[in-house]
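> Need the 3D shape of this:
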Amino acid sequence: MFTPDQTVQHYENFPVGSFLLPKAFRKPIAVVYHVARYADDLADEGDALAQDRIAALNECSAELQRIELGQTPLTARFQALSAVVAQYQIPLQLFEDLFSAFRQDVVKTRYQNFGEVIDYCRRSANPVGRILLHIFGFTDAKMLAQSDGICTALQLINFWQDVAIDLKKDRIYLPQDELAKFGLTEAMLFAGQTSPAFARLLAYQCDRSRKMLRAGSPLGVALPGRIGLEIRTIVLSADRIISKLKAVNYDVYTARPTLGSLDWPIILYQAIKAGFVKPSAPPTCH
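Numbers count the residues shown, from 1 in each chain. The predicted structure follows:
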């Protein structure tokens, strides 16, 4: 049974709130991260029943309501969040969007088309970027839209990287209509072997995700100093994962790509270098 205080270790492709950011931002981002990760783990970790997971996530929403009503949340993590929300004027709806996506993960395991996947990303990923921009103090419409593009791409890239992992949870984020279009069935996915058709499908998904990533990447140049450097590092990390997927011919069953100690110096160098180029030339990292 998953307990609310259980700590689960996670590998992160795209670490947020790293040492690259000014120190003043790290604590509020850590508060936001721990709330989001806690809620995500309620949906995913342990062996709790679906109704218990939903109930726990509903309590997270109840804590948001207490904050909205000016009441003191019951738990320390939401008390900390309340202070951050007040200081940076973060819309509470962004957190509720996250919780709604996590509740969806408990009950929805298939996606009929790409539009359904994008709607999930709109709630599971985009709020994180928007919350960060509120903390950074940059919330104009163009920057929010660029952030949405980056965050959606990050979520999608995680999906394509984690196809085999999600299958173990009986989850398939690859759209059902696109599986059929490429001549694939769920049985083929569960067989655990990368076929030419599967490689073509993942290549298609990765190409589409990379276009979204690069469309949003000018945000990393528009944001100043170390904030921009952090965003460029995240974008380049995602781009590098796509390149690694291509390098193994999209065989996520036996060669799931991750970023290691040798990747980060290259990514950081490229991120610093990209800060000196025009936003019209999005960074790449191969």
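
> Any buried residues in stretch 47-56, and which?
Ala48, Arg53, Ile54, Ala56 (16 or more other Cβ atoms under 10 Å). From N, CA and C alone the C-beta is placed, and that goes for glycine too.

> Taking these together, which two end up most distant?
Ala48 and Ile54 (9.8 Å; Cβ to Cβ).

> Quick one: the buried residues of stretch 47-56 as a markdown table, columns for secondary structure too.
A markdown table is the format used below for the buried residues of stretch 47-56 (DSSP: H, G, I helix; E, B strand; the rest coil):
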| residue | secondary structure |
| --- | --- |
| Ala48 | coil |
| Arg53 | helix |
| Ile54 | helix |
| Ala56 | helix |
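
> Nearest to Ile267 among those?
Nearest to Ile267 among these, with distances taken as Cβ to Cβ, is Arg53, at 35.0 Å.

> what about that closest one, distance to Gln155?
20 Å (Cβ to Cβ, to the nearest Å).

> if you go through the stretch 51-200 of the chain in chain order, where are the strands?
Read by DSSP state E, counting those that start in this stretch, the stretch 51-200 of the chain holds no strands at all.

> Leu144: what's it in contact with?
Counting by Cβ atoms under 8 Å, 6 or more residues apart in numbering, Leu144 touches Gly129, Arg130, Leu133.

> what about the second one, how many neighbours?
What that stands for is Arg130. By the measure other Cβ atoms under 10 Å, the count of residues near Arg130 is 20.

> Start from the N-terminal end of the chain and give the helices.
Secondary structure of the chain (DSSP state H): helices at 23-44, 50-68, 76-88, 92-107, 114-124, 126-136, 141-161, 163-168, 176-181, 186-190, 196-216, 219-222, 225-247, 263-274.

> which parts of stretch 183-194 are buried?
So stretch 183-194, judged by 16+ other Cβ under 10 Å, has buried residues Leu184, Leu189, Thr194.
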